[in-house]
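J.: next one to model:
(chains A and B)
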Amino acid sequence: MTFPTLNLPVIAPQVVLVAAALVILIADLLIREKRVLGWLSLLAVIAALAATLAQPGAVAFQTMALADGLGRVTGVAILIAAGLAILLAIERVGDFTRFDQPGLLKGQASPGGHLVTWSLSDAQHRRHRVTDRAGAYYALLLLATAGMQALTIASDFMTIFLGVEILSLALYVLVGFNPREARSAEAALKYFLLGAFASGFLLYGIALIYAATGATNLDQIARHLLVMSMPLPFAPLLPVGVGLLLVGFGFKVALVPFHMWTPDVYQGAPTPVTAFMSVSTKAAAFAALIRVLAALTSHDRPWLLALAALAVLTMTLGNLAALRQSSLKRMLAYSSIAHAGYLLTGLAAGNSQGTQGALYYLLAYTFMNLGAFAVVLAVQRREENDVTVEQVTGLAGRQPALAALMAIFMFSLAGIPPLAGFFGKLYVFKGAVDAGLAWLAIVGVLNSAIGAYYYLRVTVQMYMAGEGETVASKIAWPVWVTVVLAAAGTVALGLWQWPWMQQITAAVATLALR
Amino acid sequence: MNLSSIPLLSIITFLPLAGGLILLALPNAKLQKWWALGVSLATFAISCLLFVWWRNGEAGMQFLERQPWIPQFDIQYLLGVDGLSLFLVLLTTLLTALVLLFSWTGIGKRLKSYLFLMLLLETGMIGVFTALDLVLFYIFWELSLVPMYFLIGGWGDPHSGYKFLGREMPWRIYAALKFFIYTMAGSALMLVAILVLYGQGGTFDLIELQKLSLAAHLQFWLFLAFGLAFAIKAPLFPFHTWLPDAHVAAPTGGSVILAGVLLKMGTYGFVRFCLPLFPDATRQFVPWIAGLAIVGILYGALVALVQKDVKSLVAYSSVAHLGFVILGIFALNPQGLAGATLQMVNHGLSTGALFLMVGMLYNRRHTRMLADFGGLWKQVPIFGFLFIVVALSSAGLPGLNGFVGEFNILLAAFRANQLFAILGTFGIILAAWYLLHAVRQMLHGPLTQAENATIPDLNWREVLTLVPIIVLFFVIGLFPNLFFDKINPSAEAVVKALNAQRPAVSMMMERVP
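T.: The predicted structure follows:
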């Protein structure tokens, strides 16, 4: 007996990730050395990456999912983000997953406490009950990744909502994973409440679009809009539905004015979680948004102007707010808002160049932003969860290599060539200019000039502002590897980009054909 | 041997970067210094092959290299030089080598970073002068900001008390930030203009784009976008406000490169991009830009006259001198363009030498105030003699290089607009005034300050740094046709193309003497 329309190989990466998450949850009970779980999850991500790359383009689950170039390109970005985030945290995950049980009893909050496991057999810790929730951490990270992967291949509003919910639920818990930090719990609550609202908006938008077009499948919606042979009775609901949908997505990728949660959540969440979610959520949500827009704009494109307006607001407010931050994580949070604005510029162009640009930007952003957060983690003290700009003063003196790599990330984020961040901006602005939106490109480049200041400030502190602390903290080797890989990606994607551009061009070409 | 098979320009462009990356692995300071100097000398030697193998009388691009780079976006790796860029490449390679020789002492503990940044900067600057693909050009243009930013901010003047966006910081950091953000903001619009040009021509290839004839209103806006970037870099009055901070706060080596080469990126940009791409807009803007150039000439000179800090004096003199170059370019005749091109080199040499000598003096006395000197001639005669030669070159004494450039520019300006030439001449008088004022304050009179009585004269290394420049003063001053022979064909071609689209206006097409 066969199920011809299921086509399970299409979801092989998701199956690998979910299975690995379950295995890790069980292994967590048996294995005391939690690093093994980290390596195990890294292995799962690499396997999923291989599955994604090997995936043949195909439709699955009765057109609910579609493994195509877009899914592959964004899926690769997400898996690279997940892999680097796991590697980054392997030696530091104990900072926020390991704690003495008595300490917890002093009234500190423990969100996600039901997932707590502990071991009593360690002689060294026999007196205290030491809890290590690393297993749950890795499992949730893999589940979030699976949800994002699902989003990249979702070709039906039902699958899109499924993906959004899986990734969001996992991230709510991950954000609040640090029981020592009151900020972490606050961030989780904020993210959960606002995220729940966003899901509501998203779902309501989907419902109204369904009412207007009679379909949840993107292909069918596109066809209905294109043909318009039968007058749709509830057509006026369509703009309202799309508006609500955009609000929902806007929350997920932190577009102004739906960005309020971002600085608090990015600052409060454990740094590896921030590093992961800041890049992967964008890749996943933008993949879905590109697909949805391709369907909605097949006939009429009034939405694009709304996107352009959102892009202007997002870039400008993100950059202006980032100027004033003294916490590196908050600064990077506002910077990520600004970058969401640049990304949206590519989508607002509504042409293949802009979409190609946005897809390129996603991977570029993955490398450079994750790298920046990795440096934050490398500098950050074990008992702390943030680094101020003042704390990197004189970093070039005590950690010359780390400072140089951080400078690469900062210059790439600022859009200085020949690094990947520059080409990302070049391509999305090119899309905007080609679409006749030269004014949007002008707003974008002027924003880049404003944004340059806060990235430069980090380099000023590292290189020019004196000595700072004299003791160099020891950096675990997996952190080093993560930072070096991210920097290599940032440079290589700039200088040697044609293989990746080929993938993107092919992905966008199939989009336009549909 | 087939010359066209050697990627000569790529070697010249990337040899400094490759050398710089190897430098990072070298263990001790002495080895690093010799290595950096060796790399820069090798780059200079190879760049001299451009001069030797030059095909005289050709106007077009030579040593072309063309490779697809990012085919999906039509971005090419396209390098080439013509008579307008050849000497700027040579100037860059020479000045970098001399700066590295000058920086033998006095850099301190972060020597390796300093040397690396200098070599990275050299790659960026040569790339700007050789890139013929607009995106590639923009990449080098922005890339050259980064090392200069670190050089100013890391090794510059530590005086405190400056404020940037409400934050207190030392002068060097303030100057570095101002330099970076000012220039980046200025060139931001150029990026959009490049993309718009692509939309018109379907390519980033400058040679192809020159064949386009664009609508007048489009030319107007594109000229403004490109012109703003170049006007800030050059700098054209009133976009010069970053310059005094950057030049004075930078370490000596940085000031030399900044004045000697980086400013030329602006004037070169006008010649390479604005004139050929937007001919109608160029003609339209002539009165405005030439007028601002005149204002810059007079303003820069007058401000230089009242400076108490000799480094500031040299910095403001750059505003005036670059005004001459821009005036020559916008005379829009071959003589003016050729004169301006030579004057870019002249200014690079003489102002570079002035900054070097001010730096040498500063290393001895740790002051740059004119009032702290006086009567130095008796104490340091070699310095005194060389300083006078350099000052006279900068003032445009006949027989030396400065005269040839300025004279041609003024002649060309006179043909274009007599009033501009007359006003420009005042600039020359003022230049002689402020430079001789500096000479008198520093060298002549009694040796009043006790600290000055103990300073040593130039050592052989410092003399060696200055000798090549001074030899070139005389070579250019006495045999200008060595240079004009290579510059003229390209200059004539640019002007011819500029006028081809509106044959009604007849311009004088004479060869420069």
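J.: tell me which parts of the stretch 301-450 of chain A are close to chain B?
T.: Within reach of chain B by CB under 8 Å from any CB of the partner chain, the stretch 301-450 of chain A has these residues: A:323, A:356, A:411, A:416-418, A:422-423, A:426-427, A:429-430, A:433-434, A:438, A:441-442, A:445-446, A:448-449. For glycine as for every other residue, the C-beta is placed from the backbone atoms N, C-alpha and C.
J.: what count of nearby residues applies to residue 6?
T.: Just so you know, I chose chain A. Burial of residue A:6, expressed as a neighbour count using other CB atoms under 10 Å in any protein chain shown, amounts to 14.
J.: nope, chain B please
T.: Neighbourhood size, residue B:6 [other CB under 10 Å]: 15.
J.: and residue B:159, by the same measure?
T.: Counted with other CB under 10 Å, residues neighbouring residue B:159 total 11.
J.: the one 10 residues further on too?
T.: Neighbourhood size, residue B:169 [other CB under 10 Å]: 21.
J.: which residues touch the closest residue to it other than its chain neighbours?
T.: Setting aside the residues directly before and after it, residue B:169 is nearest to residue B:162 in space (CB to CB, 6 or more residues apart in numbering or on different chains), at 5.8 Å. Contact criterion CB atoms under 8 Å, 6 or more residues apart in numbering or on different chains gives B:168-171, B:173-174 as the residues in contact with residue B:162.
J.: highest neighbour count among these?
T.: residue B:173 leads the contacts of residue B:162 on contacts (other CB under 10 Å) with 28 neighbours.
J.: does that residue touch residue B:150 like I think?
T.: No - in this structure, residue B:173 is not within contact of residue B:150 by CB atoms under 8 Å, at 11.0 Å.
J.: can you give me the helices in the stretch 101-250 of chain A?
T.: Counting by DSSP state H, counting those that start in this stretch, the segments of the stretch 101-250 of chain A that form helices are A:101-105, A:134-152, A:157-175, A:182-213, A:218-227, A:237-253.
J.: can I get the ones you listed in TSV including distance to residue B:258 and mean neighbour count?
T.: As requested, the helices of the stretch 101-250 of chain A are exported to TSV (distance: least, CB to CB, whole Å; neighbours: other CB atoms under 10 Å in any protein chain shown):
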stretch	distance to residue B:258	mean neighbour count
helix A:101-105	57	13
helix A:134-152	47	28
helix A:157-175	47	22
helix A:182-213	45	19
helix A:218-227	55	18
helix A:237-253	41	21
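J.: distance to chain B and mean pLDDT added to those, as a markdown table?
T.: Converted to a markdown table, the helices of the stretch 101-250 of chain A look like this (distance: least, CB to the nearest CB, whole Å; pLDDT from 0 to 100):
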| stretch | distance to chain B | mean pLDDT |
| --- | --- | --- |
| helix A:101-105 | 39 | 47 |
| helix A:134-152 | 21 | 93 |
| helix A:157-175 | 28 | 93 |
| helix A:182-213 | 26 | 91 |
| helix A:218-227 | 26 | 81 |
| helix A:237-253 | 25 | 89 |
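J.: can you redo the ones you listed as a markdown table with distance to residue B:178?
T.: Rendered in a markdown table, the data for the helices of the stretch 101-250 of chain A read as follows (distance: least, CB to CB, whole Å):
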| stretch | distance to residue B:178 |
| --- | --- |
| helix A:101-105 | 50 |
| helix A:134-152 | 42 |
| helix A:157-175 | 39 |
| helix A:182-213 | 36 |
| helix A:218-227 | 50 |
| helix A:237-253 | 34 |
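J.: no more questions from me, cheers.
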